[in-house]
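Engineer: take this sequence and fold it.
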Amino acid sequence: MSINLPGPISAYLKANNEHDVDAMLAPFDEDATVKDEGREHHGRAAVRSWLEDVTRTYRVTLDVKDVRDTNGATVVSGLVSGNFTGSPVLLDYTFTLSGPTIARLEIA
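Structural biologist: Presented below is the predicted three-dimensional model:
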């Protein structure tokens, strides 16, 4: 199956699987928000801190299984593997773009 993703999302997912925090942060907007595990991280500094913590702790990789557009957002469903209880698990990464950047990411 060939999956076509918008550039910022593709860049983030590629960097995520390579555990490259700088490259993961690059597609995020200055005022971006990430919601993960019930907590929100707002602004590039907070997003960087979250990325560093998650990458160091969980070493997550994501195998994309489906992509759909919902209410102006792109939902990427994927099998997430890493150093956590229950791995692997199917999660949705909901991206909201603002032009060429990621404005919001919600993981559920």
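Engineer: kindly list the longest helix within the protein.
Structural biologist: helix 44-58 (DSSP state H).
Engineer: now the strands for this structure?
Structural biologist: Counting by DSSP state E, the chain has strands at residues 28-36, 39-42, 61-70, 73-81, 89-98, 101-107.
Engineer: so for N4, which of these sits nearest?
Structural biologist: Nearest of the strands of the chain to N4, taken as Cβ to Cβ: strand 61-70 at 7.8 Å. In short, each C-beta sits where N, CA and C put it, glycine included.
Engineer: now the strands of the chain in JSON lines, with mean neighbour count?
Structural biologist: Shown next, in JSON lines, are the strands of the chain (neighbours: other Cβ atoms under 10 Å):
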{"stretch": "strand 28-36", "mean neighbour count": "17"}
{"stretch": "strand 39-42", "mean neighbour count": "13"}
{"stretch": "strand 61-70", "mean neighbour count": "14"}
{"stretch": "strand 73-81", "mean neighbour count": "18"}
{"stretch": "strand 89-98", "mean neighbour count": "16"}
{"stretch": "strand 101-107", "mean neighbour count": "19"}
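Engineer: hang on, isn't L62 packed against Y93?
Structural biologist: Yes: using Cβ atoms under 8 Å, L62 is in contact with Y93, at 7.2 Å.
Engineer: what's the overlap in contacts for the two?
Structural biologist: L13, V76, G78 (Cβ atoms under 8 Å, 6 or more residues apart in numbering).
Engineer: partners of the last one in the sheet?
Structural biologist: Same thing as G78. V64, L91 (DSSP bridges).
Engineer: list the contacts of it.
Structural biologist: G78 sits next to L62, D63, V64, K65, D66, L90, L91, Y93 when contact means Cβ under 8 Å, 6+ apart.
Engineer: where does it land on pLDDT?
Structural biologist: pLDDT recorded at G78 is 97.
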